[in-house]
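Colleague: with the sequence up front, the predicted model follows.
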Amino acid sequence: MKVKIYNMESPNGNKVANQFEIYTDKGKYFQSYRSIIVFISNKGQVYLDENYWDYSRTTSKYRNIFLNDDTKSIKEKITSGKYKFKELN
């Protein structure tokens, strides 16, 4: 399996420590520090880690950038079933 890992960038274009986008043959992941927060499958299904998806302000900020979404909308998508919880760690 091919894996590529990139540091996420701040809104100013600077690389951000401890915030990563990981690309694999199965889809892409967002990792904050040592925890996987989000997985988007190649079919477009979004999975949020049930324990860490809303862990901290920084994690939420970069999760939102990764998903191109905001926390309110993410919560609505969880409630509607569009985004699903899954053990990612």
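Modeller: Noted; the coordinates are in hand. Residues are numbered from 1 along each chain as shown.
Colleague: tell me the pLDDT of the residue nearest to Pro11 when sequence neighbours are not counted.
Modeller: Spatial nearest neighbour of Pro11, chain neighbours left out: Ile65 (7.9 Å); criterion: CB to CB, 6 or more residues apart in numbering. C-beta here means a position set from N, CA and C on the backbone, and glycine is covered the same way. pLDDT recorded at Ile65 is 95.
Colleague: pull the number of nearby residues for Ile65.
Modeller: Residues lying near Ile65 (other CB atoms under 10 Å) number 17.
Colleague: so it versus Asp25, what's the distance?
Modeller: Distance, Ile65 to Asp25, by CB to CB, to the nearest Å: 24 Å.
Colleague: same question, Lys43
Modeller: The gap separating Lys43 from Asp25 is 13 Å, by CB to CB.
Colleague: tell me where the chain has strands.
Modeller: Counting by DSSP state E, the chain has strands at residues 3-9, 15-24, 27-32, 35-41, 46-49, 83-86.
Colleague: turn these into CSV, columns for distance to Lys75.
Modeller: Putting these into CSV (distance: least, CB to CB, whole Å) gives the following:
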stretch, distance to Lys75
strand 3-9, 22
strand 15-24, 21
strand 27-32, 17
strand 35-41, 14
strand 46-49, 10
strand 83-86, 9
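Colleague: export the ones you listed to JSON lines and append columns for mean pLDDT, mean neighbour count and distance to Ser60.
Modeller: What follows is the strands of the chain, written out as JSON lines (pLDDT from 0 to 100; neighbours: other CB atoms under 10 Å; distance: least, CB to CB, whole Å):
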{"stretch": "strand 3-9", "mean pLDDT": "95", "mean neighbour count": "12", "distance to Ser60": "13"}
{"stretch": "strand 15-24", "mean pLDDT": "96", "mean neighbour count": "15", "distance to Ser60": "11"}
{"stretch": "strand 27-32", "mean pLDDT": "98", "mean neighbour count": "21", "distance to Ser60": "9"}
{"stretch": "strand 35-41", "mean pLDDT": "98", "mean neighbour count": "20", "distance to Ser60": "9"}
{"stretch": "strand 46-49", "mean pLDDT": "98", "mean neighbour count": "21", "distance to Ser60": "11"}
{"stretch": "strand 83-86", "mean pLDDT": "98", "mean neighbour count": "16", "distance to Ser60": "14"}
